[in-house]
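In: Predicted model, plus sequence, below.
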Protein chains: 2
Amino acid sequence: MRTRFYNARILTMKAAAPDVFQGEVYVENEKIIYVGDGKGVEMCRGHFDREIDCKGNLLMPGFKDAHTHSAMTMLRSNADDLPLSDWLNHQVFPYEAKLTPEDIYALSKLAVLEYLTSGITAAMEMYLTPETIAQAFSEMGMRLVEVGGVNNFSQSPELLEDWYQKLNGKDPLISMQLGFHAEYTCSEELIEKIADLAKKYQAPVYVHVAETADEVEGCKERYGMTPVAFLAKKGIFDYGGAGYHCVHTTPADWEIMKEKHIDVVTNPGSNTKLASGIAPLSDYLRMGIPVALGTDGPASNNALDMFREMFLATGLGKLRENNAAAVPFYEVLKMATVNGSHVMRLPDTDVLAPGKLADMIMIDLHQPNMQPLNNIAANVVYSGSKENVIMTMVAGRILYDRFDGRMNFHIGEDPEKIYADCNAIKTRIVGRS
Amino acid sequence: MRTRFYNARILTMKAAAPDVFQGEVYVENEKIIYVGDGKGVEMCRGHFDREIDCKGNLLMPGFKDAHTHSAMTMLRSNADDLPLSDWLNHQVFPYEAKLTPEDIYALSKLAVLEYLTSGITAAMEMYLTPETIAQAFSEMGMRLVEVGGVNNFSQSPELLEDWYQKLNGKDPLISMQLGFHAEYTCSEELIEKIADLAKKYQAPVYVHVAETADEVEGCKERYGMTPVAFLAKKGIFDYGGAGYHCVHTTPADWEIMKEKHIDVVTNPGSNTKLASGIAPLSDYLRMGIPVALGTDGPASNNALDMFREMFLATGLGKLRENNAAAVPFYEVLKMATVNGSHVMRLPDTDVLAPGKLADMIMIDLHQPNMQPLNNIAANVVYSGSKENVIMTMVAGRILYDRFDGRMNFHIGEDPEKIYADCNAIKTRIVGRS
């Protein structure tokens, strides 16, 4: 299967500064085989199975949602405007306890539909049943990086190792990384066992870190140091990894993060809605600590919308520094694409270039919010919306398009069926309809 | 012309708490004639010119964008990531000086297209040439409240009074209110002349107030008091009105605002991108000061997207108070609808009820970000996006729909023509293509 995208504007994300040019992209099976002006590749003409007129619209790498809990779609808008502890203890935990692996399979599918509408081509996921989540993503053709969510109450280092072996290397769309929930939900012994796994597999580890001020204070009381310092001391990050959130970190933490190659996944939507605080993105950028972007789960956000996250990343960064020049837009675009690929250990999904995986989206510039065409790359961050996404391609397959205006999902199932399944689960577990 | 909307969910915004019910809405010419379960109005059946199956989707009042500068579409993404003073003095003012009234006409049309895609049914506008702006809105069928933008460099009290007389009472879509740019751009004498007009017409006045900390400090240096206190003392608000932004106000200001009926129009997108600060919305709500919501102009925001503004209003309110319960979603929905109508002196556009103007939108619930249907009104604020807007009706006319998936504008002109006009203006004035 060879597809030609012509009459396109192209933002490869390879350059150090934004560079949008007019040209063509050719995709063969799951890979990109050509990106350029379309003039030097006459040999390919006539040999395409499909030719798509991009009508001057923008092709760019798909967004990487580097932290999410997909199946929490069940609790979207179920309990808002609550303090974090009430929300977790009275709304999230009791309902999650009732979820079956099959429920999580169905609820994850709903999230995948939403990712596709937002131009997300891969998600880094932490939730209860990695195998049924992998099944949902795989069946839909969506790329997934799973992360263990081990804590004192669910999963275990043994299960994690088992999944790590089972879920890696089988399906090119699915991979698994080591991970656990957080310092405050895991015993010291459990954390040590995860560190042993990191050492055994020489693998990075992923974990919620410094999401709230309370969490940091608690860790200091327990261990006399910050979560970053404590986890690093335990050897969790001896092979790198990432901290989700990293809102309340210190300059000493930043030195450790830099030294240990601990990347940041920032989740500004969730941190805003749960009033957790504003992450010091300017400091991370200044220190050269890679920052990727995630939505967090739909119970805390409540949308899986990378455009919201991009605007918040730059906007909150500007507010925090009291400086409209802080966290400039191209850095945010890198967070949402290249840096996400780096954090998720998906190096072949980062940019548009020959040999890379065809995880690519098309942004409609023929909508009023993209006009006039002053600075297209800036428009994506500052005025773009999900509505501008008119194609989401993963591994060379178009999983979502609006070429004829309609929302067309090519995921092997009717979205209405997925909605019905999820509403039934919600009604059964939450008890309202 | 009589239209029946059936098989709808309805959020009238009349109730004190969110109340979504299933039913029908009938529209006759520019007005709503019925809202209910559709059972008691057999007499109307068979007498409709048009029957629209809402497919279970949500009908609600259109959003009111209570502060904008439409024609600044020209400068969208032209100069981002700049400190406010550089942005204004080197990017905004020099280019604005080159705009003709005809340019502003064309650039305003582009903004109207974007308002419609975001479910905005009326905009409160402050810009250079009220007559050509009114022409653009009127030709497109869009509702407009213009506000004078008098300052030391452009417009004048005489012109303002002239427009006030000319633009009111002619076209039911168009009205004009007294207004001036800001304390810091107007001499004391000019402000006194505006106050004289307020007295003469017993009319409210609209003005930028306390947008930045610098502005407040400057006013204190000039007059020994805050902008709110100074303008109130000058009689500007003797017949009420509103302050745009109101980010940096004091408890003493709030008392004045309450006493003088000075409403707040908050612009969180602009305040975020320009790093101006976070408005004290919780305090305004506690004091009973009405708060409406605006996008501000597309040069500072850069989108005209009420979903972005709604999420920011609640999210920044939560961050400011360090409390996830602050600025709850239904208050935000009121800001975006009922309170906007109040501020804009458009009382017949506030809710869905018989006798009210049919300024109404349809929200698609058959999209993944609205599923499951836990709390539809909360979903609009927390997970909604422009993409969910599939109909925007103003004064009983459908100006925008996506009933067949495509973006259909019914505004008497091809959007591509408007884009081309605006790109030509941008290239001529900004000098890039």
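Out: Great, that's in hand.

In: okay, CA-based contacts and neighbour counts for the rest of this
Out: Noted.

In: immediately after the strand or helix carrying residue A:259, which helix or strand?
Out: Following DSSP states H and E, one finds residue A:259 within helix A:251-260. Of the helices and strands lying after helix A:251-260 in sequence (DSSP H and E), the nearest is strand A:262-266.

In: Output the contacting helices and strands for the very next helix or strand once past that next one.
Out: Per DSSP H and E, the first helix or strand lying C-terminal to strand A:262-266 is helix A:268-273. On a contact count with 3 or more C-alpha pairs under 8 Å, 6 or more residues apart in numbering or on different chains; DSSP states H and E, helix A:268-273 meets helix A:306-321, helix B:306-321.

In: Let's have those in JSON lines, adding mean pLDDT and distance to residue A:88.
Out: What follows is those, written out as JSON lines (pLDDT from 0 to 100; distance: least, C-alpha to C-alpha, whole Å):
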{"stretch": "helix A:306-321", "mean pLDDT": "98", "distance to residue A:88": "22"}
{"stretch": "helix B:306-321", "mean pLDDT": "98", "distance to residue A:88": "17"}
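
In: closest to residue B:277 out of those?
Out: helix A:306-321 (6.2 Å; C-alpha to C-alpha).

In: And the contacts of whatever helix or strand comes next after the closest one?
Out: Sequence-wise, the next helix or strand downstream of helix A:306-321 (DSSP H and E) is helix A:329-336. Contact with helix A:329-336 is made by A:13, A:17-18, A:63-65, A:290-293, A:306, A:310, A:313-314, A:340, A:377-378, A:381-382, B:81, as judged by C-alpha atoms under 8 Å, 6 or more residues apart in numbering or on different chains.

In: ditto for stretch A:408-421
Out: For stretch A:408-421, the surrounding residues in contact (C-alpha under 8 Å, 6+ apart) are A:106, A:109-110, A:113, A:139-141, A:398-402, B:366, B:368, B:371-372.

In: which pair in these spans the largest distance?
Out: A:398 and B:372 (25.1 Å).

In: Looking at those two now, which is surrounded by more residues?
Out: Neighbour count, other C-alpha atoms under 10 Å in any protein chain shown: between residue A:398 and residue B:372, residue B:372 has more, with 31 against 20.

In: Buried residues in the one helix or strand residue A:64 maps to, which are they?
Out: Per DSSP H and E, residue A:64 falls inside strand A:63-68. The neighbour-count check on strand A:63-68 (16 or more other C-alpha atoms under 10 Å in any protein chain shown) flags A:63-68 as buried.

In: now swap in stretch A:225-244 and tell me
Out: Buried residues in stretch A:225-244 (16+ other C-alpha under 10 Å): A:225-232, A:234-244.

In: what about it, how long is it end to end?
Out: 18 Å (C-alpha to C-alpha, to the nearest Å).

In: what mean pLDDT does it have?
Out: For stretch A:225-244, mean pLDDT is 98.

In: Report the distance from it to the chain centre.
Out: On the basis of C-alpha atoms, centre = their mean, to the nearest Å, stretch A:225-244 sits 21 Å off its chain's mean C-alpha point.

In: Check the secondary structure at residue A:195 for me.
Out: helix (DSSP: H, G, I helix; E, B strand; the rest coil).

In: can you list the domains in chain A?
Out: Using automatic domain parsing, the domain parsing of chain A gives A:2-61+A:348-409, A:63-347.

In: Count the neighbours of residue A:344 for me.
Out: Number of residues near residue A:344 (other C-alpha under 10 Å) recorded here: 29.

In: Who are the contact partners of it?
Out: A:66, A:124, A:145.

In: tell me the pLDDT at the residue nearest to the spatial centre of chain A?
Out: Nearest to the mean C-alpha position of chain A, by C-alpha atoms, centre = their mean, lies residue A:65 at 1.1 Å. Predicted confidence (pLDDT) for residue A:65: 98.
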